[in-house]
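A.B. asks: Coordinates for the following, if possible.
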Amino acid sequence: MTLLKYLPALAFAAFIGQSSAFSLGGAEDAVMVAPPALDLPASGSLQTAVFAGGCFWGVQGVFQHVQGVTNAVSGYDGGAANTAGYESVSEGDTGHAESVLVTYDPSKVSYGKLLQIYFSVAHNPTELNRQGPDSGTQYRSEIFAQNAEQQKVALAYIAQLNAAKAFDKPIVTQVETGKPFYPAEAYHQDFLTENPSYPYIVINDLPKVAQLKKLFPDQYRAEPVLVKNQ
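C.D. replies: Model prediction:
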């Protein structure tokens with residue numbers, strides 16, 4: 001469990017003052033990458049995609065501000081049903097990653113555009129089993145493809161970005177299919193929106209939403225789509 005993530009706001013300043021060796025981590029710098037050369041058809045009924053990229057608070061917060069996204073649910077993917085809970089996943093040995101199930105309208109935003117946002121803004125795809133101040137396999141970078149078509153597009157995009165040396169290190173993002181998604185506890189849903197002054201959110205996640213607005217103004221929506229409004 002990352003101490004900064006769960007440190008009460010009132011204790012935060014005192015902790016920092018007593019811990020000269022403590023690193024805040026902070027949000028990763030955004031890297032605007034090219035769109036994928038291969039994409040899925042921008043038409044049809046609502047579709048789903050699952051992305052893991054560190055703490056699900058920030059990943060959910062980013063996708064909740066994307067035009068064409070109709071819902072974004074924090075949860076767990078990659079492991080079994082009986083370990084799909086926060087306490088178990090936090091141990092780092094369940095196979096689960098903190099993930100976000102994104103429901104989207106492909107006539108308004110394509111799967112490829114979601115991938116571009118995921119790699120550019122939502123997280124750093126070159127960090128292995130960690131993001132910012134959080135470490136462990138539950139914070140790994142992974143795309144849980146919902147079908148073979150998504151898997152093909154995701155793998156092609158990773159190859160495209162690596163070939164173009166879009167990042168200063170190789171992408172470590174895994175791609176799997178056939179893994180069920182389990183929603184997280186209610187208190188994790190809409191956490192960024194409901195706790196904008198929480199220290200972890202201020203340092204690590206609000207900058208991601210600001211980067212989304214700056215780099216993807218045509219995809220940005222000011223009012224997030226919230227799980228609790230569904």
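A.B. asks: For residue 160, give me its contacts.
C.D. replies: 34, 36-38 (C-beta atoms under 8 Å, 6 or more residues apart in numbering). (Each C-beta comes from the backbone N, C-alpha and C, glycine too.)
A.B. asks: Could you give the number of residues near residue 131?
C.D. replies: 26 (other C-beta atoms under 10 Å).
A.B. asks: So it is in contact with residue 55, correct?
C.D. replies: Yes - using C-beta atoms under 8 Å, residue 131 makes contact with residue 55 at a distance of 6.8 Å.
A.B. asks: can you pull the contacts of residue 92?
C.D. replies: So residue 92 contacts 136-138 (C-beta under 8 Å, 6+ apart).
A.B. asks: Point out where this protein drops to low pLDDT.
C.D. replies: Applying pLDDT under 70 to the chain flags the ranges 1-28.
A.B. asks: Next up, phi/psi of the residue nearest the centre of the chain, please.
C.D. replies: Centroid-nearest residue in the chain: residue 59, 2.8 Å away (criterion: C-alpha atoms, centre = their mean). Here is the backbone geometry of residue 59 (degrees, to the nearest 10): phi -60, psi -40.
A.B. asks: just the one 4 residues further on next, same as before
C.D. replies: In terms of degrees, to the nearest 10, the main-chain angles of residue 63 are phi -70, psi -20.
A.B. asks: so what's it closest to, chain neighbours aside?
C.D. replies: residue 72 (4.2 Å; C-beta to C-beta, 6 or more residues apart in numbering).
A.B. asks: For my notes, confirm the one you found occurs in a strand.
C.D. replies: Yes - membership of residue 72 in a strand is supported by DSSP: H, G, I helix; E, B strand; the rest coil.
A.B. asks: how close does it sit to residue 179?
C.D. replies: 18 Å (C-beta to C-beta, to the nearest Å).
A.B. asks: what sits in contact with each of residue 131 and residue 55?
C.D. replies: Common contact partners of residue 131 and residue 55 (C-beta under 8 Å, 6+ apart): residue 139.
A.B. asks: how much space is there between residue 141 and residue 82?
C.D. replies: On the measure of C-beta to C-beta, residue 141 and residue 82 end up 25 Å apart.
A.B. asks: ok, these two, which is more surrounded?
C.D. replies: A direct count of neighbours by other C-beta under 10 Å for residue 141 and residue 82 places residue 141 higher, at 25 against 8.
A.B. asks: how many neighbours does the closest residue to that one other than its chain neighbours have?
C.D. replies: Distances taken as C-beta to C-beta, 6+ apart place residue 173 nearest to residue 141, at 4.3 Å, with adjacent residues excluded. The number of residues packed near residue 173 is 25, by other C-beta under 10 Å.
A.B. asks: neighbours of residue 189, just the number please.
C.D. replies: Residues near residue 189, counting by other C-beta under 10 Å: 21.
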